[in-house]
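**Student:** structure for the following, please:
(2 chains)
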There are 2 protein chains.
Amino acid sequence: MRTRPIVWAISAGLALAMTLLVAWAQDAPADPLQQTAQALFQPLPELMLDPDRPFSDELVELGKMLYYDPRLSLSGFVSCNSCHNLATYGVDNLPTSLGHRWAVGPRNAPTVLNAALHSAQFWDGRAVDVEEQAQGPVLNPIEMAVPDEDYMIERLASMPGYVAAFDAAYPDHDESLTYVNMADAIGAFERTLTTPDRFDAFLTGDGDALVELEREGLQVFINYGCAGCHGGPAIGGTVFARFGVVESYWEATREFVTIDTPTMPMDVGRFAVTQDQADLYVFKAPSLRNITRTYPYFHDGSLWDLRAATQIMARVQLGREMSDPELDALMAWYTTLEGEIPAHALQLPVLPASSMLTPRPSNR
Amino acid sequence: MRTRPIVWAISAGLALAMTLLVAWAQDAPADPLQQTAQALFQPLPELMLDPDRPFSDELVELGKMLYYDPRLSLSGFVSCNSCHNLATYGVDNLPTSLGHRWAVGPRNAPTVLNAALHSAQFWDGRAVDVEEQAQGPVLNPIEMAVPDEDYMIERLASMPGYVAAFDAAYPDHDESLTYVNMADAIGAFERTLTTPDRFDAFLTGDGDALVELEREGLQVFINYGCAGCHGGPAIGGTVFARFGVVESYWEATREFVTIDTPTMPMDVGRFAVTQDQADLYVFKAPSLRNITRTYPYFHDGSLWDLRAATQIMARVQLGREMSDPELDALMAWYTTLEGEIPAHALQLPVLPASSMLTPRPSNR
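**Tutor:** Residues are numbered from 1 along each chain as shown, chains lettered A, B, ... in the order given. As a prediction, this is how the structure comes out:
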């Protein structure tokens, strides 16, 4: 009984302190950098849902199984995760990916992390969303090389585990196991792959989330106008731009390119999709989330050095040279974009068993 | 207060019932099949430790990182998990594995699950334990194709994340980052890969763990003497035997072999290791744990059908034909050997970042 007045006194004191603290915080001078950043970028959402598409745990679980299953390739050796490895931030860290019969692909594999925030998929934007994107590599002869949609469905339908998983994921469909549904499920899984990072903490109000050098880097990024192409929640992924506005990126990169870089003809970019002269050498500006981990850089994966890649962007897009202190600061800010991969995505599913009806893998 | 006598009465009644139950259990007729099984097989241990080798969480965590890291291959595309995929019970479910530049290997990839219980590693027993085994594929030109040990160490030493992980795993070593330690760590991870199953429940005393048909299958297995080669805790992995004692396995399998089977010259087996004529066509009898999931079968992966594989074993090793009911029963018992893969092993590690010093991957 005797302690009660003391408890009251402490409680009252704490309440007063809280009130004063809130009042002080409201009167505190606003952080202009934080306010500018909040106007240019947005924090990553927890999920990247499309309101027009269904979403459920069963759909995500099915999508994850398919994502990790090498039986989505003719050889039974290549899965989505082979080139978009979630243990390495959704990429393979190769200049360009390897596929069926060791084919070397023409472009660098972009990360699946936060990709559902992009306005279109692939470097040239030829798919509207992650669901449409997922239909591509399975049938691409130099990627997973499945002969046709029917073959893929025959394989999946031969496995009771998949038949049950498709039924659970698409309860309202007369025919749940279709090629489109397969890709839709993979897309649903990808819509869970956001990677909140320290920059999100800064954007959502924690002014102390960035140290001084990182703040300087953010300021450099904003001052140079980089956010014009690399803005929004993914810090990129929503703008198509010609790569090499002021000078040819091809010439500019040669001094940094190493022997392992594929020597391919210059990539025409989005022109291949639209046949519009204005789209020649136009690519989707990639997301800079996790940029420290998604090396090598550019659509051809020709550069391993993020600092050099940054200087080249300034040079060929803006006609400017960045100073060493500016590059130091940018490199520091980039580390704040290294996020956390969702734990559920890293938990490998035990895949359904094949059956005697399952078409056999072929490495030819 | 009033409830106490009731509580006493219930307690006394329960104690009496327990006593009677225990007495009845002790008097219950022993299960001869269970007793025979307990003499021939042993339940899987939780860990498969070597008393002469250190073991720690840090060692296992490092081993897991290495196991999943495609940078253990020259191409940066092939990891231990590529051919020993833990999402598919530690195998690739291919007749023989694919490796560097799409090379097709000569033998079927055995599962890593429970492999540390084997008396030797590889089909021909050329490595004494999982630690020695792990040194092989990294340097094999048709597997991971790393040029030499120094190259591998240079790559690992270029990544601060690995330097720290090796130091943590080998705190007493002057030089923690060595090729042998790399393989030792992978071995330590593999020593955690046991898969307890329903048959273990039966062996450890739960007579109801197997239904009648599964018991019959176990009885058939014992009656035919299969446990002579497939005994012990892994139900195999400890005996070398000529494949084709009574007749040539090669002839016997032809009727079951499908078009996708590699047509390779007959494998001389352990003879290649010992140069001893007695070891011609001798192989290690594989473990039957998870046998329903480690298709296709035999050292050359030539058979997809477990029932046919079983019949062929009876025919070429014992000169006998199994009846359909016997095969039905065996197939049922096999399902009791399908175990649970440890959750920690399925949790993909986020791998250390490469640095500008990391030797680049090469697909040539």
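**Student:** could you use CA atoms for every contact and neighbour count after this?
**Tutor:** Noted.
**Student:** show the contacting residues for A:Ile142.
**Tutor:** When the contact criterion is CA atoms under 8 Å, 6 or more residues apart in numbering or on different chains, the partners of A:Ile142 are A:99-101, A:103-105.
**Student:** can you rerun that using 10 Å?
**Tutor:** A:97-106 (CA atoms under 10 Å, 6 or more residues apart in numbering or on different chains).
**Student:** cool, A:Leu72 as well?
**Tutor:** Applying CA under 10 Å, 6+ apart, one finds that A:Leu72 lies in contact with A:66, A:78-80, A:137-139, A:144-146, A:152-153, A:155-156, A:361.
**Student:** give me the phi and psi for it.
**Tutor:** A:Leu72 adopts backbone torsions of phi -80, psi 0, taken as degrees, to the nearest 10.
**Student:** how about the strands in the stretch 151-300 of chain A?
**Tutor:** Ranges of strands within the stretch 151-300 of chain A are A:240-242, A:282-284, based on DSSP state E, counting those that start in this stretch.
**Student:** closest to B:Thr336 out of those strands?
**Tutor:** With CA to CA as the criterion, B:Thr336 lies closest to strand A:282-284 of the strands of the stretch 151-300 of chain A, at 52.1 Å.
**Student:** tell me the mean pLDDT for that closest one?
**Tutor:** With pLDDT averaged residue by residue, strand A:282-284 scores 97.
**Student:** and stretch A:201-209, end to end?
**Tutor:** The straight-line separation of the ends of stretch A:201-209 (CA to CA, to the nearest Å) is 6 Å.
**Student:** what comes up buried for stretch A:137-145?
**Tutor:** A:137-145 (16 or more other CA atoms under 10 Å in any protein chain shown).
**Student:** wait, which of the residues you listed is closest to B:Asp129?
**Tutor:** Distance to B:Asp129, by CA to CA, is smallest for A:Met144 among the buried residues of stretch A:137-145, at 35.1 Å.
**Student:** how about that closest one: what's its closest non-neighbour residue?
**Tutor:** Nearest residue to A:Met144 in three dimensions, chain neighbours excluded: A:Ser73, at 4.2 Å (CA to CA, 6 or more residues apart in numbering or on different chains).
**Student:** re earlier: among the strands of the stretch 151-300 of chain A, which comes closest to A:Asp172?
**Tutor:** Of these, the one closest to A:Asp172 (CA to CA) turns out to be strand A:282-284, at 36.0 Å.
**Student:** can I take it that A:Ala116 is in a helix?
**Tutor:** Yes - membership of A:Ala116 in a helix is supported by DSSP: H, G, I helix; E, B strand; the rest coil.
**Student:** which ones are touching A:Ala87?
**Tutor:** A:Ala87 makes contact with A:81, A:341, A:345-346, B:65, B:68-70, B:347-352, according to CA under 10 Å, 6+ apart.
**Student:** for it, give its distance to A:Pro286.
**Tutor:** In this structure, A:Ala87 and A:Pro286 are 20 Å apart, going by CA to CA.
**Student:** repeat for A:Arg320
**Tutor:** Shown here: A:Arg320 relative to A:Pro286, a distance of 20 Å by CA to CA.
**Student:** now swap in A:Ile142 and tell me
**Tutor:** Taken as CA to CA, the spacing of A:Ile142 relative to A:Pro286 amounts to 23 Å.
**Student:** quick one on the thing from earlier: which one of the contacts of A:Ala87 sits closest to B:Ala169?
**Tutor:** B:Met65 (12.0 Å).
**Student:** give the buried residues for stretch A:273-283.
**Tutor:** Of the residues in stretch A:273-283, those buried by neighbour count under the rule 16+ other CA under 10 Å are A:279-283.
**Student:** turn those into JSON lines, columns for distance to B:Leu357.
**Tutor:** Rendered in JSON lines, the data for the buried residues of stretch A:273-283 read as follows (distance: CA to CA, whole Å):
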{"residue": "A:Asp279", "distance to B:Leu357": "37"}
{"residue": "A:Leu280", "distance to B:Leu357": "35"}
{"residue": "A:Tyr281", "distance to B:Leu357": "31"}
{"residue": "A:Val282", "distance to B:Leu357": "32"}
{"residue": "A:Phe283", "distance to B:Leu357": "29"}
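**Student:** near chain B, which of the residues you listed show up?
**Tutor:** Counting by CA under 10 Å from any CA of the partner chain, nothing from the buried residues of stretch A:273-283 sits close to chain B.
**Student:** out of those residues, which comes closest to chain B?
**Tutor:** Proximity to chain B was ranked across those by CA to the nearest CA; first place goes to A:Phe283, at 25.6 Å.
**Student:** mind checking the SS state of A:Ile312?
**Tutor:** helix.
**Student:** for chain A, which spans come out with low pLDDT?
**Tutor:** Applying pLDDT under 70 to the predicted model, the residue ranges of chain A that meet it are A:1-29, A:258-265.
**Student:** spatially nearest residue to the residue nearest the centre of it, not counting backbone neighbours?
**Tutor:** Residue closest to the mean C-alpha point of chain A, counted by CA atoms, centre = their mean, is A:Leu113 at 3.1 Å. Excluding its sequence neighbours, the residue lying closest to A:Leu113 (CA to CA, 6+ apart) is A:Leu193, at 5.2 Å.
**Student:** run a quick neighbour tally on that neighbour.
**Tutor:** The burial count assigned to A:Leu193 is 24, neighbours taken as other CA atoms under 10 Å in any protein chain shown.
**Student:** ditto for A:Glu255
**Tutor:** Here the count is done by other CA under 10 Å, and A:Glu255 has 9 residues near it.
**Student:** can you pull the contacts of it?
**Tutor:** A:Ala308.
**Student:** related to what we said a few turns ago, mind picking the two most distant members of the contacts of A:Ile142?
**Tutor:** Comparing every pair within the contacts of A:Ile142 by CA to CA identifies A:Arg101 and A:Pro106 as the most remote, at 14.9 Å.
**Student:** using TSV, lay out the strands of the stretch 151-300 of chain A together with distance to A:Glu131.
**Tutor:** Below are the strands of the stretch 151-300 of chain A laid out as TSV (distance: least, CA to CA, whole Å):
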stretch	distance to A:Glu131
strand A:240-242	20
strand A:282-284	18
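**Student:** do you know how far A:Leu306 is from chain B?
**Tutor:** 10 Å (CA to the nearest CA, to the nearest Å).
**Student:** gap between that residue and A:Met313?
**Tutor:** A:Leu306 sits 10 Å away from A:Met313, going by CA to CA.
**Student:** now do the shared contacts for the two.
**Tutor:** Residues touching both A:Leu306 and A:Met313 (CA under 10 Å, 6+ apart): there are none.
**Student:** could you turn the buried ones of the contacts of A:Ile142 into a ChimeraX selection?
**Tutor:** Paste this into ChimeraX to select the buried members of the contacts of A:Ile142, with burial taken from 16+ other CA under 10 Å:
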select /A:97,98,99,100,101,102,104,105,106
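**Student:** now do the same contact list for the residue nearest to A:Gly339 when sequence neighbours are not counted.
**Tutor:** For A:Gly339, ignoring the flanking residues on the chain, the nearest one in space by CA to CA, 6+ apart is A:Asp197 at 4.1 Å. A:Asp197 is in contact with A:43-44, A:209, A:289-290, A:335-341, counting by CA under 10 Å, 6+ apart.
**Student:** many thanks, we can stop here.
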